[in-house]
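Trainee: how would this look folded up:
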Amino acid sequence: LARWLFPIYNRTMSAKPALAGKKRYAKEKRPPSAKKANDGSAKATRTADDAKFLLARGISVLDYAEARAQEIKAMKIASQSQRGSKRSFQSLPRHMRRRATSHNIKRLPVALRTQAEHEFSNVVPKAPKSRRGRRRGSKIREEFGTRSNRQTWLETHLWHAKRYHVADLWGYRIAIRPSEKSQRANYRWVRDHASMQDVSYLTTVQLDGLTVEEAGALLITLNGSSCSLTLNREHRCHALSSNQELIGPVQYHVVQHQDVLCLWLTFHPACKPALLARLHELCTDVSATPLDITNQVCRLRLLGPSSTQMLQRLLQLVPAEPIPTSHALWKELANLSSPGEVHSGAMLPLTVWDPRLQSMDDLTKLKEDELRDGAASITGASSRHQVSQLHKALVDWTSTSALSPLHSADARATASSSLCHVKELNARRSAALIPSQSLSPLDTDAQVPILLVQQPGQGHLAHGWDIIIPSRWAMAFWVPLVYAGARTHGQLEMKRLALEAGLCFFPDDAVGSEAYTAYHSQQKTDRTATFFKRPPAKRNNYDKLNEPSPFIADWTMLMSDSPAPPTVLTRTQHQALQRDSSFRPAGSALVHVRLELLAKGKVDDRCRLFVPLEDDLTHLHSKGPLVLHTQAHRECIGFTTNGCNSFAHGKGIGHGLVLLVPYAEANTAEGQRVVLVKHPDARYYAFAAMSLVVPTYV
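Mentor: As a prediction, this is how the structure comes out:
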């Protein structure tokens, strides 16, 4: 800048020599003649001497100014013009900026107002919309419709969005976990009362017009082994590809309508593309075509010992003559202490009134002492008749037909369209003599066909009912069940509950399937991004911890001795291995195991499993974990896929997969196969006992 302004200064000195400041040359080396003088001749002499001095330095004022004139002009334009996307008011120093200048030009300095007027001339002012206009029902529905087109919303999504953390999974917005701490509370509620989850994201496919031979052949080919075709029961199998690789778990039931069979298949949306392609491939030789009816039904899952009592309080059966067998059987189940006493997968079709007819004040929670009294009354001598009637009903259940109007497309459409608006019920309730009282059903009220399906758990956990209802009726059943005392849970709580019950969770534990690969690839991306968001000083140094794959399990590490990747044994092969420990399939294979820590330690879904050495077993009975500084000489035989600190056992538990040969040759201590568990964030190993499990997915 000084270089550019110096010619201007020289021009000023040449034009007005008398105005040249005395202090300007105070530090310059002046010729002897340049001294102070009061007369005019002295000034003229000094001006001439100054000109000679400047010429002696080789500077031409006019040439220098002309050469730099374009640079000075460009600098002036750049300092006054708009740069990039900045506005005129943004060119001011920060201490002179005001918020009002963005819409009031007169708040700017006079020199910038012309430029600001040009900027604002192309802006069309928008009329501000009031909140009342933005929050109209039509506007909200339009916005929700646009947002739900990206990811499918469940009917209970808005209820969950206010209380849960939701995420985009498998094309749906699914509730992951509640906003409050609920892990321990949910476990207690499932163990003692009842908890509920909306599983309407499960894909449902219907095949009509099958014969017994066609249905049996299709299921055998799909499962790779024999399947049960018992009518009126829901069964479970594993769908396999043509290469005998796992696609995903399938729940199916068969009902008979006249002389043909109706087959329903329910499976996880993570395996929907592969499984639908497999079904279309298998249906080329039969007369049925797979029909996706996921959008026509909803499915609510109620787990816990008091789930039957809650449904008994909520469901009002529609009277019919003669009384349907299923209605009589449902009344006999009023004294049932737990859904686990019912046959696995038992189905019961019912027709009930609209649950919203009942007052929410009447649907109070069942207390723990009431449940205890109800269980005691069943076993007491005063209710032997009730016990005998209940046992007779359970024995005769197989003769009860599970054919429901839900198996008909026309009946499903009629039931979905019969839902009335809640304001009509509120108007009837406000006109009643006692406004808070339950409404008596009218002939014009909706009659809802539902299908109850018993859900088998494991041990004393995860027994309950699946409630299959027509579409649009999810909230009409969900809210009354919440008032009736059912707690709600999301995916994270269900994953932990499956681990507590000794069950596998899909797709987290389904190693080898396409759904597992896609899901864990997304998990790796998310965890890596979260890791690098932290500052370097707050990250774990996985290089020093010798962790090659700290975010997800890297199954390629088990391929060191084999050119081909290990395959996961099927459910049938697991059962064969459980019967005969000498069973060995061809090639390298992985088996499902359950882990229980024998001392302190941490286990989750990304731990490595190692074979302990003889020296390591000497520390087996120590209270703390085994601290080692090297692991190069220990063989990695597998990874965990799920893990937590168990509320039921009071110690760490997990689920994982290990190589079959090291599992069979593992060291045993006190009759248990012992393995070392290494968490990526820890410097120590933890001893764990592992046992073979047959994979059963939820």
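
Trainee: and after the strand or helix carrying Thr572, which helix or strand comes next?
Mentor: Using DSSP states H and E, Thr572 sits in helix 571-579. Per DSSP H and E, the first helix or strand lying C-terminal to helix 571-579 is strand 589-597.

Trainee: tell me the angle of that next one relative to helix 571-579?
Mentor: Going by axes from the mean of the first three to the mean of the last three CA atoms, to 10 degrees, strand 589-597 is angled at 60 degrees with respect to helix 571-579.

Trainee: strand 589-597: partners in the sheet, and parallel or antiparallel?
Mentor: According to DSSP bridges, strand 589-597 has the following sheet partners: strand 567-568 (parallel), strand 652-659 (antiparallel), strand 684-692 (antiparallel).

Trainee: list the buried ones in the helix holding Thr572?
Mentor: With burial defined by 16 or more other CB atoms under 10 Å, the residues of helix 571-579 counted as buried are 571, 573-574, 577. For glycine as for every other residue, the C-beta is placed from the backbone atoms N, C-alpha and C.

Trainee: want to throw these into CSV with distance to Ala510 and pLDDT?
Mentor: Compiled in CSV, these are given as follows (distance: CB to CB, whole Å; pLDDT from 0 to 100):
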residue, distance to Ala510, pLDDT
Arg571, 11, 89
Gln573, 15, 89
His574, 13, 91
Leu577, 18, 91
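
Trainee: need those residues in JSON lines with distance to Asp285, can you?
Mentor: Below are the buried residues of helix 571-579 laid out as JSON lines (distance: CB to CB, whole Å):
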{"residue": "Arg571", "distance to Asp285": "25"}
{"residue": "Gln573", "distance to Asp285": "27"}
{"residue": "His574", "distance to Asp285": "30"}
{"residue": "Leu577", "distance to Asp285": "33"}
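
Trainee: strands along the stretch 501-650 of the chain, start to end?
Mentor: 567-568, 589-597, 608-610, 626-627, 636-645 (DSSP state E, counting those that start in this stretch).

Trainee: most packed of these?
Mentor: strand 608-610 (a mean of 24; mean count of other CB atoms under 10 Å).

Trainee: hmm, who's touching that strand?
Mentor: 595, 631, 634-640, 656, 658, 675-678, 680, 685, 690 (CB atoms under 8 Å, 6 or more residues apart in numbering).

Trainee: likewise for stretch 142-160?
Mentor: Residues contacting stretch 142-160 (CB under 8 Å, 6+ apart): 166, 168, 171-175, 198, 200-201, 298, 471-472, 474-475, 478-479, 490.

Trainee: recalculate using a threshold of 10 Å.
Mentor: 134, 136, 161, 164, 166-176, 178, 197-201, 269, 294-295, 298, 300, 469, 471-479, 482, 488, 490 (CB atoms under 10 Å, 6 or more residues apart in numbering).

Trainee: in strands, which of those fall?
Mentor: Those of the contacts of stretch 142-160 mapping onto strands are 164, 166-169, 172-176, 178, 197-198, 298, 300, 469, 488, per DSSP state E.

Trainee: from these, which would you call buried?
Mentor: Among these, the ones that count as buried (16+ other CB under 10 Å) are 164, 166, 169, 172-175, 178, 197-198, 298, 300, 469, 488.

Trainee: need those in JSON lines (columns: distance to Leu218 and pLDDT).
Mentor: As requested, these are exported to JSON lines (distance: CB to CB, whole Å; pLDDT from 0 to 100):
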{"residue": "Tyr164", "distance to Leu218": "38", "pLDDT": "95"}
{"residue": "Val166", "distance to Leu218": "36", "pLDDT": "95"}
{"residue": "Leu169", "distance to Leu218": "29", "pLDDT": "93"}
{"residue": "Tyr172", "distance to Leu218": "28", "pLDDT": "95"}
{"residue": "Arg173", "distance to Leu218": "33", "pLDDT": "95"}
{"residue": "Ile174", "distance to Leu218": "30", "pLDDT": "96"}
{"residue": "Ala175", "distance to Leu218": "34", "pLDDT": "96"}
{"residue": "Pro178", "distance to Leu218": "40", "pLDDT": "94"}
{"residue": "Gln197", "distance to Leu218": "30", "pLDDT": "96"}
{"residue": "Asp198", "distance to Leu218": "30", "pLDDT": "96"}
{"residue": "Cys298", "distance to Leu218": "26", "pLDDT": "96"}
{"residue": "Leu300", "distance to Leu218": "28", "pLDDT": "97"}
{"residue": "Ile469", "distance to Leu218": "27", "pLDDT": "96"}
{"residue": "Thr488", "distance to Leu218": "36", "pLDDT": "94"}
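
Trainee: give me whichever of the strands paired with strand 589-597 is most buried.
Mentor: With a mean of 25, the top stretch among these by mean neighbour count (mean count of other CB under 10 Å) is strand 652-659.

Trainee: how far does that one sit from the chain's center?
Mentor: 23 Å (CA atoms, centre = their mean, to the nearest Å).

Trainee: looks like Asp554 contacts Gly638 (just checking).
Mentor: No - look at Asp554 against Gly638 with CB atoms under 10 Å: they stay out of range, at 11.4 Å.

Trainee: helix or strand: which one has Asp208?
Mentor: strand 203-210.

Trainee: who does that strand pair up with?
Mentor: By DSSP bridges, strand 203-210 pairs with strand 260-267 (antiparallel), strand 291-292 (antiparallel).

Trainee: need these in CSV (columns: distance to Gly459 and mean neighbour count).
Mentor: Converted to CSV, the strands paired with strand 203-210 look like this (distance: least, CB to CB, whole Å; neighbours: other CB atoms under 10 Å):
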stretch, distance to Gly459, mean neighbour count
strand 260-267, 24, 20
strand 291-292, 35, 12
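
Trainee: any chance of these in CSV with distance to Ser549 and mean pLDDT as columns?
Mentor: Formatted as CSV, the strands paired with strand 203-210 follow (distance: least, CB to CB, whole Å; pLDDT from 0 to 100):
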stretch, distance to Ser549, mean pLDDT
strand 260-267, 30, 92
strand 291-292, 37, 94
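
Trainee: nearest to Leu112, out of the ones you listed?
Mentor: strand 291-292 (63.1 Å; CB to CB).

Trainee: for the closest residue to Gly512 other than its chain neighbours, list each beta-bridge partner.
Mentor: Once flanking residues are discounted, Gly512 sits nearest to Val568: 4.2 Å by CB to CB, 6 or more residues apart in numbering. Counting by DSSP bridges, Val568 is bridged to Leu590.

Trainee: wait, Val568 sits on Gly587?
Mentor: No - assessed by CB under 10 Å, Val568 is found out of contact with Gly587, at 11.5 Å.

Trainee: tell me which element Ser416 falls in.
Mentor: Going by DSSP H and E, Ser416 is in helix 409-417.

Trainee: tell me the buried residues in the helix or strand that that helix is followed by?
Mentor: Per DSSP H and E, the first helix or strand lying C-terminal to helix 409-417 is helix 422-431. Neighbour counts over helix 422-431 (16+ other CB under 10 Å) mark 425, 429 as buried.

Trainee: pull the residues that contact helix 422-431.
Mentor: 354, 356-357, 359, 421, 435-440, 442, 445, 475-476, 479.

Trainee: of the residues you listed, keep whichever come out buried.
Mentor: Buried among the contacts of helix 422-431 (16+ other CB under 10 Å): 354, 356-357, 359, 438-439, 445, 475-476, 479.

Trainee: residues touching the nearest residue to Tyr201 once chain neighbours are set aside, list them.
Mentor: What sits nearest to Tyr201 in space, not counting adjacent residues and going by CB to CB, 6+ apart, is Tyr172, at 4.6 Å. By CB under 10 Å, 6+ apart, the residues touching Tyr172 are 151-154, 157, 166, 200-201, 269.
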